[in-house]
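> Quick one: sequence plus predicted model below, questions after.
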Amino acid sequence: MVLAPAAALLLGTQVLGAQLRAVRFAAVVDGSGTVTQRGVVIVSGDTILRVAGPRDAIPQGAQVIDLSRYTAIPGLIDVHTHMTYYWDSTSGTDPWRQPPRPPEQTVSLARWNATRTLETGVTTVRDLGASNYTDIALRDSINKAGWTGPRMFVAGFGLQRARPPYRPNTDTTRTQRGRVYDISQIPEAVKQQVDAGADYVKLYGSTGSGADVTGNETFNAAEMKAAVDAAKKLGRRVAIHSYGPVGGRDAVAAGTTSLEHSINLDDATLAEMKAKDIFYVPTVDHNRFYAEYAKDFRYTPQQVAALDSFRVLNFETARRAIRAGVKLGMGSDAVFHMFGQNTRELRWYVRAGMTPAQALATATVNGAAILGQEKKLGRIAPGYFADIAAVEGDPLADINVVTDKVRWVMKGGTVVVDKTGSRSP
Ligand SMILES: [Zn+2]
């Protein structure tokens, strides 16, 4: 009797129809801190079946990928990106002053950012703000049309205080591009993003962006709470941007899931963050980026000095937060040509007192917790997505191994980066 192909598959593998892979590493470092020396990750389709030891049997029929020169870490999570901000450096304009382009062109150009991001070992991003729902289009193109890029959790338009002169939009079916005039419009603005397909809600709770490092609060605590409540009602979480400490304090009081950027947070706010499990996403490194590439941005020496002083305070606040036991998420705030440098943020955390393992946790298990994906992302463990980065060196001894030495990346069981220079047998 000849077995039907499906039955043959059932005998040879553990999951019907799914491709089995066995990936050998020098060591497998899980996001929770467990290390398996000479571990072999068994992958079925897009999912991790288990981490086997060097002497365990490899399942019959599995394709063996030999990465025994490298160490596995979980695919990393960057919880603050703007993937649709693309800079055409040949355009003769600085990144903030590019001529407008059609949204569909923005989406396809963002593939450059998506590729650079994967090359850093980042397989998941939380994208916090885009125009014209280009973030939703990019996410769906990756998920449904086979584009290469990280998993995206997106926010649509970030909610912003509308600037005067006010022209209230009485037709609530029309998009208001996330602009709100007063508290009464906040639930509707949140709902518009969710209806459009947003996974997360972003609120700009203070001024500050690019070379502007002012941190003046733009929404008060009651308004922030209205956004958090509206999002919760729709099953969504909130990230609140505040450069300054007042917006930071109010965002924490309002119960945001994560607080982005804030400097000079007071001890009471840090204690409240710890008590409420609110994550701090300091984004220290993006102001290093702006200062370093000041020429591209045409920033003046005064603007660079302002970026540098903000970064010093930002770093100091991160240091105090770490000491106070606040959990951090790794967010790059990457825009334009910062993609490819997504993980440099981790170096600041180690400089601020974290061990490399703790820094790695900010970009793995903490990122997963911020997204509510603790059971699927951030670990190399059974049932998790097969999101794995192979690094050259010991990531627990030197964080630069994570930031600089990613050689191979698998996302959902598909190899998306291979710089090992050798074909698998
Ligand atoms: Zn941002």
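Received, thanks. Residues are numbered from 1 along each chain as shown.
> most residues in a single helix of the chain, which one?
Longest helix in the chain, counting residues (DSSP state H): helix 301-323.
> chain center to the helix or strand that comes right after that one, what's the gap?
Heading C-terminal from helix 301-323, the first helix or strand you meet, by DSSP states H and E, is helix 345-351. Its chain's C-alpha centre lies 16 Å from the corresponding centre of helix 345-351 when counted by C-alpha atoms, centre = their mean, to the nearest Å.
> contact partners of the helix or strand just after helix 345-351?
Once the chain leaves helix 345-351, the next helix or strand it forms, by DSSP H and E, is helix 356-362. By C-beta atoms under 8 Å, 6 or more residues apart in numbering, the surrounding residues in contact with helix 356-362 are 29, 31-33, 73, 327-330, 346, 349-350, 354, 395-399, 402. (Each C-beta comes from the backbone N, C-alpha and C, glycine too.)
> May I see the buried residues of helix 356-362?
Across helix 356-362, burial judged by 16 or more other C-beta atoms under 10 Å covers Pro356, Ala357, Gln358, Ala359, Leu360, Ala361, Thr362.
> With distance to Leu67 and pLDDT added, can I get those residues in CSV?
Formatted as CSV, these follow (distance: C-beta to C-beta, whole Å; pLDDT from 0 to 100):
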residue, distance to Leu67, pLDDT
Pro356, 20, 97
Ala357, 21, 97
Gln358, 25, 97
Ala359, 22, 98
Leu360, 18, 98
Ala361, 23, 98
Thr362, 24, 98
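> how about JSON lines for the residues you listed, with distance to Pro187 added?
Formatted as JSON lines, the buried residues of helix 356-362 follow (distance: C-beta to C-beta, whole Å):
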{"residue": "Pro356", "distance to Pro187": "43"}
{"residue": "Ala357", "distance to Pro187": "41"}
{"residue": "Gln358", "distance to Pro187": "38"}
{"residue": "Ala359", "distance to Pro187": "38"}
{"residue": "Leu360", "distance to Pro187": "38"}
{"residue": "Ala361", "distance to Pro187": "35"}
{"residue": "Thr362", "distance to Pro187": "32"}
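> Closest to Asn314 out of those residues?
Top of the list for closeness to Asn314, among those and by C-beta to C-beta, is Thr362 at 15.2 Å.
> picking up where we left off before, and the longest helix of the chain, how far from the chain's centre?
21 Å.
> What of stretch 369-382?
Taking mean C-alpha positions (C-alpha atoms, centre = their mean), stretch 369-382 and its chain are 13 Å apart.
> Helices of the chain, residue ranges please.
5-12, 103-119, 134-144, 186-196, 221-233, 245-254, 267-276, 285-292, 294-297, 301-323, 345-351, 356-362, 365-371, 399-404.
> could those go into JSON lines alongside distance to Ile77?
Formatted as JSON lines, the helices of the chain follow (distance: least, C-beta to C-beta, whole Å):
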{"stretch": "helix 5-12", "distance to Ile77": "33"}
{"stretch": "helix 103-119", "distance to Ile77": "11"}
{"stretch": "helix 134-144", "distance to Ile77": "15"}
{"stretch": "helix 186-196", "distance to Ile77": "21"}
{"stretch": "helix 221-233", "distance to Ile77": "20"}
{"stretch": "helix 245-254", "distance to Ile77": "21"}
{"stretch": "helix 267-276", "distance to Ile77": "19"}
{"stretch": "helix 285-292", "distance to Ile77": "16"}
{"stretch": "helix 294-297", "distance to Ile77": "27"}
{"stretch": "helix 301-323", "distance to Ile77": "18"}
{"stretch": "helix 345-351", "distance to Ile77": "12"}
{"stretch": "helix 356-362", "distance to Ile77": "9"}
{"stretch": "helix 365-371", "distance to Ile77": "3"}
{"stretch": "helix 399-404", "distance to Ile77": "13"}
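> worst average pLDDT in the ones you listed?
When these are compared by mean pLDDT, helix 5-12 comes last with a mean of 40.
> if I look at Ala57, how far off is Val40?
10 Å (C-beta to C-beta, to the nearest Å).
> neighbour count winner among the two?
Val40 (27 against 9; other C-beta atoms under 10 Å).
> OK, contacts around the more buried one?
Val40 neighbours (C-beta under 8 Å, 6+ apart): Ala22, Val23, Arg24, Phe25, Val51, Ala52, Gly53, Pro54, Asp56, Ile58.
> Leaving out the residues flanking it, which one is nearest to it?
Spatial nearest neighbour of Val40, excluding adjacent residues (C-beta to C-beta, 6 or more residues apart in numbering): Ala52 at 4.4 Å.
> again, but for Val41
Using C-beta to C-beta, 6+ apart and skipping residues adjacent in sequence, the residue nearest Val41 is Val23, 4.7 Å away.
> Is there a neighbour count for that neighbour? I'd like the number.
29.
> Also His241?
His241 - counted by other C-beta under 10 Å - has 32 other residues nearby.
> Likewise for Pro301?
8.
> Begin at 37, not 1, for the rest of this chat.
Sure, I'll start numbering at 37, so the last one becomes Pro337.
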